[in-house]
Each structure stands twice: as structure tokens, then as C-alpha cells.
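Student: Fold the following.
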Amino acid sequence: MKSRASFVNCNRKNGWRDGVLGDSWFSPAATGGDHFMERHDFDIPLTFRHRVIFTRGAFDAGNLALGEILAEGGGRKALVFVEKSVAEAWEALSEEISEYFSGLDVALAGVRVFEGGEACKADDSLVKAVWEEIDTCHIDRHSYVLVIGGGAFLDAVGFATSTAHRGVRLVRFPTTTLSQDDSGVGVKSAINAFGKKNWVGSFGVPFAVINDFRFLESQDTESSRAGLIEAVKVALVKDRGFFEWIEENAEALANMERVPFEECVKRSALLHARHIALGGDAFEAGSSRPLDFGHWAAHKLEALTDYELSHAEAVAIGLALDTIYSRKTGLLAEAEAARILKVLRVMGMATHHPEMDAVDENGERKVLAGIDEFREHLGGRLTVLMLAGIGEGVDVHEFDKPLLDESIAELMSLCELSMKTVG
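Tutor: The predicted structure follows:
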């Protein structure tokens with residue numbers, strides 16, 4: 001590891017070799033008195049292991065997946081947080097967890113049940129409750145927190161875990177389609193603030209993510225199907241072949257047929273995880289977010305509806321909008337845009353909401369404020385992904401507002417036409 005020293009108003013002298021300071025040193029007098037400055041830059045390489053497991057019945061006695069993961073880390077105890085809706089759907093879950101841990105060397109500190117849903121991210125009350133439980137149960141940085149629930153619950157508990165003791169080992173059990181095929185395998189956790197989604201949060205690689213397909217049975221059919229929108233999204237920006245597979249299986253996916261449904265979730269999760277691990281910007285230091293196609297409008301729509309509109313529904317609308325806009329700007333061929341919109345229609349995805357037409361005191365659509373908020377959240381130059389083709393995303397740095405208005409109007413017309421056709 002190199003220590004690099006640089007000097008202001010300093011002439012090249014003995015000991016200064018290609019910008020690296022040797023054994024000799026410079027006194028303030030030698031460098032112009034008060035203008036002396038010494039700087040050392042250290043590169044700190046970090047390596048993380050992102051463990052993503054797919055299974056069914058993770059807490060069954062014969063399922064070794066979780067036991068092997070916990071043994072790999074050598075932790076001494078674990079504390080489990082379960083979202084209330086999941087606990088109600090699986091009444092025996094706490095007992096199953098206790099029985100499973102009875103066969104492990106890792107002690108179970110307890111199972112805690114809390115309310116979830118988007119409301120749990122509205123403030124820091126759940127975060128503080130998790131901190132208190134971690135402190136009470138003496139969970140340290142070599143212990144584990146297991147979190148079982150949907151994306152919002154994973155976010156709030158994950159943020160608490162990442163900040164307790166500056167980071168406790170976190171094992172996620174996503175229980176919804178949306179969290180299994182996208183957010184659950186991510187490296188972010190956050191809560192909402194200032195009327196904005198995910199304003200307070202942190203980056204951190206979970207110790208493991210266990211996608212237990214059994215938990216998908218605890219969600220309602222509508223939410224389960226809607227969560228596949230993130231699979232459509234990642235296919236559009238990363239994998240044309242995957243999109244074509246979704247296209248071929250759209251009706252089966254809409255009907256929730258188990259084999260293609262679980263295959264879709266798995267392929268989506270792995271595409272997301274591979275991008276995070278291999279894309280070169282896992283913690284979003286740059287200005288581009290390739291996995292957020294359709295999200296600038298989605299995040300704003302969620303806030304405008306006070307989060308009554310789910311993230312999945314909002315992303316479907318944002319994805320449809322940006323597909324139309326990509327076509328109108330000449331980036332995306334008309335035939336490919338039509339294929340994308342057809343897949344959304346066949347899969348039963350909603351593509352419009354009245355808040356898309358809401359205007360502020362200046363007569364501008366409120367949703368358009370999401371553009372600046374999207375830029376501000378990441379920082380730097382506005383960078384939004386659009387489509388140059390199926391499986392091919394391209395960054396754009398500005399919007400044609402009149403064309404965007406036209407795209408919203410067209411989206412509304414398509415939705416009305418679709419509703420009439422169904423009727």
C-alpha cells in the first residue's frame with residue numbers, strides 16, 4: 001500500500017520520486033514558509049461476499065441452507081424479526097424457528113414480531129424498536145439478525161441493523177415477489193423522510209439472502225403478480241433473452257403458475273445481484289443507476305399518493321411511461337415499444353394513476369418534480385436510464401418536457417382504451 005505525499009509550491013528535490021516521498025523530508029522554509037502542505041492518499045480495497053440462496057421450507061429440520069450459512073460465519077447468537085402479516089399467515093413460524101435453532105450451535109435470542117408495510121418506513125419508530133431489542137438481547141457484531149418480511153420491513157430493520165454497533169450481520173428472508181426478485185438481494189436499506197422515499201439509509205452487503213419460495217404463498221395474488229414488474233425491468237435493461245422468455249410465458253406468469261413464476265423470480269434476483277457485484281458501482285458512487293429504469297416517476301408517484309400506490313404498481317407506470325418516451329425520442333423502435341406494453345397488459349400491470357395528471361399552482365404536473373428529486377438523491381449530473389432496445393439501456397441527461405407531457409397523455413389514452421376493451 002502506498003503513501004503518497006504532495007506539496008504546494010514545492011520544487012522537485014532529492015527524495016521526491018515520481019510524486020512519491022522518499023526518506024528525505026522538506027521543512028516549511030524549503031517550501032515557501034507558510035505554504036507547506038503534506039498529503040497522504042491510501043487506497044483501501046474491500047471485498048464482500050454476497051450470498052444468495054434459493055430454497056423452500058428454510059426452517060424445515062432437514063433443510064441445511066440456513067444452518068450452513070450461520071456456521072460459516074461462526075456467530076454465537078441470533079435474533080429474529082418477523083413482519084406481522086407473515087407471522088399471521090404462518091402461525092407456526094415462531095415455533096418452527098425455535099425448533100430449527102435447537103439443532104444449531106447458534107443460540108436463538110428470540111423472535112420478535114412487528115408491523116410492516118410501507119408505514120414502517122414512514123419514520124424511525126421501528127428502527128428505534130429494533131435498536132432496543134438488539135441492545136436488550138446483547139446482539140453484537142459477531143451475532144446475527146434475521147429479518148423475515150416484505151421490502152419495506154427489510155429496509156427498516158436492515159437500516160437499524162446496519163447502524164447498531166456500526167453493523168450487525170444481517171440475514172434477509174424476503175417474503176414478497178418484489179423483495180425476492182429485486183430489493184431483497186440489494187445492498188441498500190433505508191426509511192423515508194422529508195416526503196421522499198429512502199432519504200435516510202445506508203449501504204451494506206447482507207451476510208446472506210435466503211429466498212424461501214414458501215413465503216411467496218403468504219401474499220395476495222394481486223401483489224404477487226405485480227411484483228414481477230422488477231423482473232420485466234431488469235430484463236429490459238440487462239437481458240434481451242430473459243425478456244423474450246417473459247414474453248413467451250406472460251400468460252402463465254399472469255396466472256401465477258408455480259414453475260415459471262419461481263423461475264422468473266430467481267432469474268430476476270440473479271440479474272440484480274450480478275449487476276451489484278460485477279457492475280463496478282455497488283454503492284452508487286457515480287450518477288448512473290441502471291437498475292432504476294422507470295423509477296424516477298415511480299418514487300414520486302408513491303409519495304404523491306401517500307404510499308397508497310405500491311412500489312410495484314408505481315414502477316409499472318414509470319416503466320410504461322419511459323418506454324413510450326424512449327420511443328418518442330427515437331431511441332426505441334416502435335415495434336419493440338409495442339411488445340413491451342403488450343407484455344405489461346397481458347401480465348395485468350396497471351399503467352396509469354390519476355396522480356399522473358395532478359398539477360401544481362404553476363400548472364405543471366406534480367410528477368415531474370420527481371426528475372430533480374431523482375437527481376438530488378444520487379447527486380451529480382441528472383442521469384436517467386432509457387431504452388435503446390430491448391435488453392439495452394442508455395443514459396440520458398435531460399428531458400424534453402413537452403415530449404414527456406405527450407408521453408404521459410399517450411399513456412393515459414392507452415390505459416383508457418385498454419379498460420374499454422376489457423369492459
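
Student: Wait, residue 371 touches residue 382, no?
Tutor: Yes: counting by C-beta atoms under 8 Å, residue 371 does reach residue 382; the two are 7.0 Å apart. C-beta here means a position set from N, CA and C on the backbone, and glycine is covered the same way.

Student: pLDDT averaged over stretch 144-155 - what is it?
Tutor: Mean per-residue pLDDT for stretch 144-155: 96.

Student: Burial check on residue 280, number of neighbours?
Tutor: Using other C-beta atoms under 10 Å, residue 280 has 8 neighbouring residues.

Student: Just the pLDDT for it.
Tutor: Value for residue 280, per-residue pLDDT: 76.

Student: if I look at it, how far off is residue 97?
Tutor: According to C-beta to C-beta, to the nearest Å, residue 280 and residue 97 sit 38 Å apart.

Student: Residue 165 too?
Tutor: Residue 165 is 23 Å from residue 97, by C-beta to C-beta.

Student: For the residue lying closest to residue 226 once chain neighbours are set aside, pull up the helix or strand it's in.
Tutor: Among residues not flanking residue 226 along the chain, residue 312 sits closest, at 3.9 Å (C-beta to C-beta, 6 or more residues apart in numbering). Applying DSSP states H and E as the criterion places residue 312 in helix 311-328.

Student: After that helix, heading C-terminal, what element do we hit next?
Tutor: Using DSSP H and E, the helix or strand that follows helix 311-328 in sequence is helix 334-346.

Student: So for that following helix, what gets flagged as buried?
Tutor: Within helix 334-346, the residues scored as buried using 16 or more other C-beta atoms under 10 Å are 336, 337, 340, 341, 343, 344, 345.

Student: Can you list the neighbours in contact with the very next helix or strand once past it?
Tutor: Sequence-wise, the next helix or strand downstream of helix 334-346 (DSSP H and E) is helix 369-378. Residues outside helix 369-378 that contact it (C-beta atoms under 8 Å, 6 or more residues apart in numbering) are 196, 198-199, 284, 287, 289, 292, 295-297, 299-301, 360, 381-384, 399.

Student: Which of the residues you listed fall within strands?
Tutor: Those of these mapping onto strands are 196, 198, 199, 384, per DSSP state E.

Student: from those, which is closest to residue 65?
Tutor: residue 198 (29.2 Å; C-beta to C-beta).

Student: Give the burial count for the closest one, as a bare number.
Tutor: Using other C-beta under 10 Å, residue 198 has 16 other residues around it.

Student: do residue 257 as well
Tutor: For residue 257, the neighbour count with other C-beta under 10 Å is 13.

Student: same check, this time on residue 264
Tutor: With other C-beta under 10 Å as criterion, residue 264 counts 23.

Student: Per-residue pLDDT of it, please?
Tutor: Here, the pLDDT recorded for residue 264 equals 97.

Student: And residue 286, by the same measure?
Tutor: At residue 286, pLDDT is 62.

Student: do residue 198 as well
Tutor: Looking at residue 198, the pLDDT reads 88.

Student: ok now do it, which residues does it touch?
Tutor: 155, 188, 190, 191, 192, 299, 377.

Student: what's the answer for residue 304, then?
Tutor: Shown in contact with residue 304 (C-beta under 8 Å, 6+ apart): 355, 358, 366, 367.

Student: Now with 6 Å, please.
Tutor: 355, 366 (C-beta atoms under 6 Å, 6 or more residues apart in numbering).

Student: JSON lines for the ones in strands among the contacts of helix 369-378, including distance to residue 59?
Tutor: JSON lines is the format used below for the ones in strands among the contacts of helix 369-378 (distance: C-beta to C-beta, whole Å):
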{"residue": "196", "distance to residue 59": "36"}
{"residue": "198", "distance to residue 59": "30"}
{"residue": "199", "distance to residue 59": "34"}
{"residue": "384", "distance to residue 59": "41"}
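
Student: Quick check: can you list the domain ranges of the chain?
Tutor: Split into domains by automatic domain parsing, the chain comes to 1-45, 52-219, 280-422.
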